[in-house]
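Visitor: for reference, the sequence and a predicted model appear below.
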Amino acid sequence: MAIVPRRTLAAALGALAVLGVGACGGTSSPPAGPATPAAASAGEQGPWTWTDDRGKNISLPHRPQRVVAQFDSAAALWDFGLRPVALFGPHRLKDGSRDRAVGEVDITKVESVGNAFGEFNVEKYASLQPDLMVAGMYEKNSLWYVPKELTEAVDQVAPSVGVQLSGRPLVEIIEKYGELAAALGADQKAASVVEAKNRFDAAGAALKALAAARPDLKIMIVAGTPDGLYVAYLPDHPDITYWGDQLGLNVVYPPKPSEGGFWELVSWENADKYQADAILVDARAASMKIEEMAKKPTWAKLPAVKAGQLYPWRAAERYSYLGYAQVMEELKANLDKARDDVVK
């Protein structure tokens, strides 16, 4: 989350992310081509309707063809076979390469409406002549990465679909994106979609087997900022909830989060408040790197840190079968290496 984090480190990581709050200037001609692989199908001729997670009813004379999506949503829809014409939010690194947060999206074939939190070029967006915008929501009724002060202007260009992300099971979120992609004309029986679902199921089964075989292996999920250590509160994170409640991983988490939910903020002096055999560290760019955190004395004394059992947490993963199959495969490989006797 480029970091008004996903699952809201909001103030702390958000402060790190809001480097540019204005929309970029300039416009460009809309790119040619349809938004979906089924652009010429007869299904486009009839009316299109959708009720989003705000309870907002969208009714259009034809199925939307020119879809613009927030990076996380764009990545999920892409995995389900839907090709947006543009996206916004982190997708291109400083060297021009693709940001991991945008998944498999070919950034050479989509337009950009903004590449950072707080950055949304309304003029560019309007010039693309979008039929529909899609964005996830962590705060109720608030489209992620659409600056609130620009909401009215954005709404005047095209209708939007909001997909609720927080307070919802992981699989349900993934299924919602699949349903939306199907409604927009993407083939959910395509080999790539079916293969991704099978891969997700297999990865989940492998993690569940590991959890059953190694119940004493304790894991904890954290993010670091100059303000302190954020320890993830399991019930507020769809992925961590899935791993703990559905797959049975032994997740160490606070009894309740700090104000705002999602995390408990612990001072660096008290970074040893919770301990686990293995720690997953937020891998987003705005979170402190493990090397930086190592300079904090209390953190450095944690058993998992001394044992070198620190692994990445893919906090900004897109909600698709392929995305979370990759995440769980990586997690399984890392936990296979971890000792479960680090915390005495």
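Guide: Arrived safely, thanks for sending. Numbers count the residues shown, from 1 in each chain.

Visitor: which residues in the chain form helices?
Guide: Applying DSSP state H to the chain gives helices spanning 10-17, 71-79, 122-127, 151-157, 170-183, 191-213, 238-241, 290-293, 297-300, 303-306, 321-337.

Visitor: tell me how far the fifth one lies from the chain's centre.
Guide: I take that to be helix 170-183. Centroid separation for helix 170-183 versus its chain: 14 Å, with CA atoms, centre = their mean, to the nearest Å.

Visitor: now, of the helices of the chain, which is deepest in the fold?
Guide: Stretch with highest mean neighbour count among these: helix 71-79 (a mean of 29; mean count of other CB atoms under 10 Å). C-beta: built from backbone N, CA, C; applies to glycine.

Visitor: which other helices and strands contact that one?
Guide: Contacts defined by 3 or more CB pairs under 8 Å, 6 or more residues apart in numbering; DSSP states H and E place helix 71-79 against strand 86-88, strand 132-137, helix 170-183, helix 191-213, helix 321-337.

Visitor: next, the angle from it to helix 170-183.
Guide: Relative orientation of helix 71-79 versus helix 170-183 (axes from the mean of the first three to the mean of the last three CA atoms, to 10 degrees): 60 degrees.

Visitor: quick one: contacts of helix 71-79?
Guide: For helix 71-79, the external contacting residues (CB atoms under 8 Å, 6 or more residues apart in numbering) are 6, 67, 69, 84, 87-91, 99, 101-105, 110, 134-136, 144-145, 163, 174, 177, 180-181, 184, 186, 192-193, 196, 316, 318-323.

Visitor: mind doing that once more with 7 Å?
Guide: With contact meaning CB atoms under 7 Å, 6 or more residues apart in numbering, helix 71-79 is reached by 69, 84, 87-91, 101-105, 134-136, 163, 177, 180-181, 196, 316, 318-323.

Visitor: the nearest residue to M220 once chain neighbours are set aside: what's it in contact with?
Guide: Closest residue to M220 apart from its sequence neighbours, by CB to CB, 6 or more residues apart in numbering: A276 at 3.7 Å. Listed by CB under 7 Å, 6+ apart, the contact partners of A276 are K218, I219, M220, V252, A304, V343.

Visitor: against S73, how distant is the nearest residue to E269 once chain neighbours are set aside?
Guide: Leaving out its chain neighbours, the residue that sits closest to E269 by CB to CB, 6+ apart is T298, at 6.0 Å. Note on T298: its distance to S73, by CB to CB, to the nearest Å, is 38 Å.

Visitor: so for stretch 199-208, what's the average pLDDT?
Guide: What stretch 199-208 shows for mean pLDDT is 98.

Visitor: kindly export that stretch (C-alpha atoms) in CSV.
Guide: What follows is stretch 199-208 as a C-alpha-only set of coordinates in CSV (Å, rounded to 0.1, in the frame of the first residue of the first chain):
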residue,chain,number,x,y,z
ARG,A,199,-3.2,-23.4,-7.6
PHE,A,200,-4.8,-21.4,-4.8
ASP,A,201,-6.6,-24.4,-3.4
ALA,A,202,-3.4,-26.5,-3.5
ALA,A,203,-1.4,-23.7,-1.8
GLY,A,204,-4.0,-23.4,0.9
ALA,A,205,-4.1,-27.1,1.4
ALA,A,206,-0.3,-27.2,1.8
LEU,A,207,-0.3,-24.5,4.4
LYS,A,208,-3.1,-26.2,6.3
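
Visitor: not counting it itself, show me its contacts.
Guide: By CB under 7 Å, 6+ apart, the residues outside stretch 199-208 that reach it are W243, L247, G248, L249, Y321, L322, Y324, A325, M328, E329, L331, K332.

Visitor: dump those to CSV, plus pLDDT.
Guide: Listed next are these as CSV, based on pLDDT from 0 to 100:
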residue, pLDDT
W243, 98
L247, 98
G248, 98
L249, 98
Y321, 98
L322, 98
Y324, 98
A325, 98
M328, 98
E329, 98
L331, 98
K332, 98
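
Visitor: I appreciate the help and will end here.
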